[in-house]
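**Student:** Please work out how this folds:
(2 chains)
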Amino acid sequence: MPDTLNPTAGHVKLGSNSGQPMSRRDGIAKVTGAATYAADNRPDGLLYAVYAGAGIARGRVTSLNVGAAKAHPGVVEVMTPENRPPLALDPDEKHHFFAWRIEALQNDTVRYAGQPIAVVIAETLEAATEGARLLAPTYDEEPARIGFDGGEAYDPPTVGIGGNPTFEKGDAEAAEARSAKVVETKIATPMQYHNAMEPHAIVAQWDGDKLTIDTPNQAIVMARGGFAAYFGIPPENVTLRSPFLGGGFGSKAILVGPQLLCILAAKLTGRPVKLTLRRDQMYGPVQHRGATRQTVTLGTDGDNRLTMIKHHSVATTSSFDEFIEGAANASQNTYATPVLKSSHGAVRQDTGTPGPMRAPGEATGSAALEVAMDRMAEKAGMDPLEFRLLNYAETDPASGKEYSSKNLRECYAEGAKRFGWAGRPLAPGMMKDEHGRLKGWGMGTAMFPAPMFQAQARAVLKADGTAVLETAGADMGQGAWTALAQIAADGVGLPADKVEFLSGTSDQPDGGVAGGSGHTATAGSALFAAGSDAVAKLAEIAMKDPDSPVFGADNAGVEAREGRLVRLDDESRSDSYADILARAGLSEIEGNGTGARNPADAEARAMFSHGAVFAEVLIDPDLYQIRVSRLVGAFAAGRIINPKLAASQLNGGMIWGVGFALHEEGIHDPRTGRPVNGDLAGYHVPVNADVPCVETLLIDEEDHFVNALGVKGVGEMGISGTVGAIANAVWHATGKRVTSFPIHISALL
Amino acid sequence: MTLSISLTVNGERRDVPLEDPRATLLDVLRERIGLTGTKKGCDRGQCGACTVLVDGRRINSCLALAVSHDGAEVTTIEGLAQGDELHPVQAAFVECDGFQCGYCTPGQIMSAVGLIAEGGADDPEHIREGMSGNICRCAAYPGITAAVQDAQKRMAAEERKSA
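**Tutor:** The predicted model follows:
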């Protein structure tokens, strides 16, 4: 295949679709109520399942009043460990690096509050709900272990998904002893719950040994394999449909117990079953971000250059599985330092198992690092931005590698200009607004890896000059329906409105995972490659056809543009896709593509997205109520496929930073282990009035190494700089340093 | 026990045989009538995803028992557009990117229609306050505020024209 049509051969110039601020292609479906989320499905004969959750956090279920539940009008069946149909896999085993140990009524053990202990299946939701209440379980209860002092402490073998728990470059203790200044910063972060607006939901129907499930999922084809394995059927017997996810943020990537319970209920009753979690049931079996206690130690020399960064984090996990927030690893790639040390500890508690939650590791770790950097700037008597620029990393501090691209300097400059950072007083407590509120300005560096995973895609060019491109991608709000379609259209050299983009179903080519901020880069690369493959096949036909205006041109001598192959040496000569196919007697031509990183590039360069976030807070001088009055983020993330959607993602990420800094805190009662604030009135997330002014600047960045498209990712980075920026602004307003999140009013009094 | 209620939903009269007095208006709309555009986010009035208009006022349909709204006029997200022509609030949400995942969007839009009718969408601060009963976890708030403001202006201009 000729070089110019090979998308892996360097930086590909994209056509007119990518880069356009197109409105969402799924927009009309979403504003009219036509977009179908999992719980909107109502197959004939549908039954409703409601599970009863454990009222204790540790122990055994000793009785359930199954008779009372069954006697309730409308109740069809009650599923308990006694009558639950068998599974082909043991849910207590870890079958896959991306599989959690889950609860599927395998026995009477209770491992956390809210764990499913029985499922009531009824003709109506009301009857199932009442039936679940009538079960009135009794327990043999053991004391709950909650918090850092409750359960077993241990050294985790991995952090995050397979991450290294320890890293050391140079001798941190020696560097600390040699440093002119040393600042130690301790930061605590709480358990946080994803709280996607769409509660986890599933509709399951069996047809013999074929299973159809509607459930939101961030990694559709992988999930299909997981479900199939649990039921001992081939993956192709499972159809998983997930056209729209009502938010995921990491919590809808991994198979969870309630999904299996719904499928089992459908098996037990022989009818389709719907199971939707109540909001309060989302504080247990569907993951959360573990709490952390972190210590960041920074050293500098006489010129205020970093001599060392030492970051230690202890995170909570469950008693029976682990996902350790890799907070300390977030310090490895941001600031220049000759000596680095990261380490992690873990503590088990009687809660559900944590999982990846938007910017896992980076959100928590950078919060601590950015507060630490601000404290060191204060100690040095320097402006926080000036101190960060002095310690700007020209190469990746952990690996010593060059960055594939890094336009952070411009992010700092443009963000500071837009925010009006210049002239900020160094000392805290110097500014007030016109109402006498204390005003503070703070900043932080945003950083997130730019990974790629694996994805496949298929492209079909049709005789009518249109194309169909497909991959089982997932749109949980980030805009995959639109951005991936833009890339797909460029891949086949057509305007976006001539391309039908199919996604969100497991019978399509594997679109990989929508996670790690790598979906656009990965699935987009697959789609572009599939399109290029189809065009290359078309070009080969045209080149050999004496009737074609591009006859005889080498493959490299044509370019695909607006549905035509155009000769580069004579642009007046071109041939339409439709004509080429018609003369060849073909109704369509198919191309296939894979998205994955070139291993040599991955080895050669450090790949990250970057940004700078500037925050203003206003604080009531009597009540100490904190308001984030302004946020400006400037971000460089390679090629931006759709600036409108990317800005929304980054704004949303920054607002997650507001939630992290000021609102979010999952509290479990240390006596019972039960969630104290397990709903949206108790677990606070930002509302509209909390974020009066948020602005994203997209900074140009060309990257020749991340992938042929030059695409990084923007899904998670926004949160990472924002938390520290707000904490630092609070200090600048009040002189009080933040030691734990969320920042409570009581911490400022 | 079978109760029967009658609702006018999006201009269409619906006689709903109700076998269960515990059913909320939200669950009647979604599970019995089959209008699934209205979403359930919390089922306890904390998130606003289920917002519909009842007799012209915005309410959380998860907190309304269906039997207590016998005879009511209900407008849901499915009833806003005139054929293919979007309601100005719907069009503004698309244009201003006032959503990401789209799950809270029907509630946001119905709430915005209600807020504009209340006269509470005259400036961004009032919009943010008036829309704060509708949580968007994707945090598309800048786009939501812009969309409501944009729609309010367009609707006011239309009204002046037709007056």
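
**Student:** give me the residue from chain B nearest chain A.
**Tutor:** Here chain B gets closest to chain A at one residue, B:G37, 2.0 Å apart by C-beta to the nearest C-beta. Backbone N, C-alpha and C define where each C-beta goes, glycine included.

**Student:** Next, count neighbours for that residue.
**Tutor:** Under the neighbour criterion other C-beta atoms under 10 Å in any protein chain shown, B:G37 is assigned a count of 25.

**Student:** Ok, A:E695 next?
**Tutor:** Summarising burial for A:E695: neighbours were counted as other C-beta under 10 Å, giving 18.

**Student:** Name whatever forms a beta bridge with the nearest residue to it once chain neighbours are set aside.
**Tutor:** Using C-beta to C-beta, 6 or more residues apart in numbering or on different chains and skipping the chain neighbours, the partner closest in space to A:E695 is A:V632 (5.0 Å). For A:V632, the residues forming beta bridges with it (DSSP bridges) are A:F614, A:E695.

**Student:** still on that earlier bit, got phi/psi on the residue of chain B closest to chain A?
**Tutor:** The phi/psi pair for B:G37 (degrees, to the nearest 10) reads phi -60, psi -40.

**Student:** which ones are touching the residue nearest to it when sequence neighbours are not counted?
**Tutor:** In space, B:G37 comes closest to A:G33 once its chain neighbours are excluded; the distance is 2.0 Å by C-beta to C-beta, 6+ apart. Residues touching A:G33, when contacts are defined by C-beta atoms under 8 Å, 6 or more residues apart in numbering or on different chains, comprise B:L35, B:T36, B:G37, B:T38, B:T76, B:I77, B:E78, B:P106.

**Student:** List only buried entries from these.
**Tutor:** When burial is judged by neighbour count using 16 or more other C-beta atoms under 10 Å in any protein chain shown, the buried members of the contacts of A:G33 are B:L35, B:T36, B:G37, B:T38, B:T76, B:I77, B:E78, B:P106.

**Student:** which intervals of chain B have sub-threshold pLDDT?
**Tutor:** Scanning chain B for pLDDT under 70 picks out the ranges B:1.

**Student:** Assign the residue nearest the centre of chain B to helix, strand or coil.
**Tutor:** Taking C-alpha atoms, centre = their mean, the centroid of chain B lies closest to B:M110, which sits 2.5 Å from it. Reduced to three states with DSSP: H, G, I helix; E, B strand; the rest coil, the structure at B:M110 is helix.

**Student:** what's near enough to touch it?
**Tutor:** Contacts here follow C-beta under 8 Å, 6+ apart; on that basis B:M110 touches B:T38, B:T51, B:V52, B:L53, B:R58, B:T75, B:T76, B:I77, B:L80.

**Student:** ok, 7 Å please
**Tutor:** Contacts for B:M110 were tallied using C-beta atoms under 7 Å, 6 or more residues apart in numbering or on different chains; they are B:T51, B:V52, B:L53, B:R58, B:I77.

**Student:** Excluding residues flanking it in the chain, which one is nearest the first one?
**Tutor:** It refers to B:T51. Excluding its sequence neighbours, the residue lying closest to B:T51 (C-beta to C-beta, 6+ apart) is B:G107, at 4.0 Å.

**Student:** Then the third one?
**Tutor:** Of all residues not flanking B:L53 in the chain, B:T75 sits nearest, at 4.1 Å (C-beta to C-beta, 6+ apart).

**Student:** In the stretch 601-749 of chain A, what residue lies closest to chain B?
**Tutor:** Taking C-beta to the nearest C-beta, the stretch 601-749 of chain A has A:I655 as its residue nearest chain B, at 3.5 Å.

**Student:** Can you check the pLDDT for that residue?
**Tutor:** What the model reports as pLDDT for A:I655 is 98.

**Student:** Please give the element, helix or strand, for it.
**Tutor:** A:I655 is part of helix A:643-658 when elements are defined by DSSP states H and E.

**Student:** Rounded mean pLDDT for stretch A:172-191, please.
**Tutor:** Regarding stretch A:172-191, the rounded mean pLDDT is 98.

**Student:** OK, contacts around residue 98?
**Tutor:** No chain in the question, so chain A it is. Listed by C-beta under 7 Å, 6+ apart, the contact set of A:F98 reads A:I161, A:M222, A:I254.

**Student:** hm, I was asking about chain B
**Tutor:** Residues touching B:G98, when contacts are defined by C-beta under 7 Å, 6+ apart, comprise B:Q108, B:A140, B:G143, B:I144, B:A147.

**Student:** domains for the chain, by residue range?
**Tutor:** Answering for chain A, as no chain was given. In the assignment given by automatic domain parsing, the structural domains of chain A cover A:3-35+A:452-596, A:43-142+A:199-245+A:252-282, A:292-449+A:603-747.

**Student:** I was thinking of chain B, sorry if that wasn't clear
**Tutor:** Domain ranges of chain B: B:3-79, B:88-162, per automatic domain parsing.

**Student:** got the phi/psi numbers for the one residue in the stretch 451-600 of chain A that gets nearest to chain B?
**Tutor:** For the stretch 451-600 of chain A, the nearest residue to chain B under the criterion C-beta to the nearest C-beta is A:G477, separated by 3.1 Å. Main-chain torsions, A:G477, degrees, to the nearest 10: phi 120, psi -10.

**Student:** which residues touch it?
**Tutor:** Neighbour list for A:G477: A:G247, B:Q100, B:C101, B:G102, B:C138 [criterion: C-beta under 7 Å, 6+ apart].
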